[in-house]
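Chemist: Got a sequence here, can you build the structure:
(one chain, ligands or ions: 1)
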Amino acid sequence: MRVLALGLVISALLGATAFADDSVADGEKVFKKCAACHAVGEGAKNKVGPELNNLFGRVAGSHPDFNYSKAMVEAGAGGLVWTSETLHQYLVKPKDFVKGNKMSFPGLKEQEDIDNLVAYLSTFSTAPTADPAATPAQ
Ligand code: HEC
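Modeler: Okay, the predicted model is just below:
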């Protein structure tokens, strides 16, 4: 539990500043585990899963052209928005965090892999990685 809490603190700190280039490069390698089902970058299309450009700040289950499970749409309706924090929670064990969602992926065991992956994914998003509600207005 302490390790998880520390990871969340670190990721929150990282979210406030720019991610280190190393994490982005390492995250790109971790993304190979996702790439069978998800695309990012220019011209990314939905595959087995929705494309993940501009993921940060996206309400869960809200990509207009993707056919989500009822569970994912309901999670979004219930207030789930993708941020560094919620992605960290989801990617540990997707089936537990959004019960009944149809992403067939067991989860990532290494906290560092998740940190790096979130850093990599953030390079394809224009929104901040942190929950906008948690960031004071400028
Ligand atoms: C075997 C295919 C598969 C793999 C591998 C996979 N996903 Fe998914 N992913 C899906 C599917 C299908 C959904 C839609 C789930 C639903 O509707 O219940 C999804 C949904 C998501 C969502 C929610 C997106 C939204 O628009 O709400 C995120 C975030 C996500 N995946 C990230 C990842 C990441 C990061 C990885 C790699 C660590 C990964 N996925 C690996 C198939 C996959």
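
Chemist: SS state for K47?
Modeler: coil (DSSP: H, G, I helix; E, B strand; the rest coil).

Chemist: how much space between the nearest residue to it once chain neighbours are set aside and K99?
Modeler: Nearest residue to K47, sequence neighbours excluded (C-beta to C-beta, 6 or more residues apart in numbering): C37, at 5.4 Å. C-beta: built from backbone N, CA, C; applies to glycine. From C37 over to K99 the distance is 19 Å, taken as C-beta to C-beta, to the nearest Å.

Chemist: G61 too?
Modeler: 13 Å.

Chemist: So for the two, which residue has more residues nearby?
Modeler: Neighbour count, other C-beta atoms under 10 Å: between G61 and K99, G61 has more, with 21 against 10.

Chemist: What score does that one have for pLDDT?
Modeler: Looking at G61, its pLDDT is 98.

Chemist: That one: what's it in contact with?
Modeler: 68-69, 72-77 (C-beta atoms under 8 Å, 6 or more residues apart in numbering).

Chemist: try 10 Å this time
Modeler: 50, 68-78, 80, 98, 101 (C-beta atoms under 10 Å, 6 or more residues apart in numbering).

Chemist: I am finished for the moment; much appreciated.
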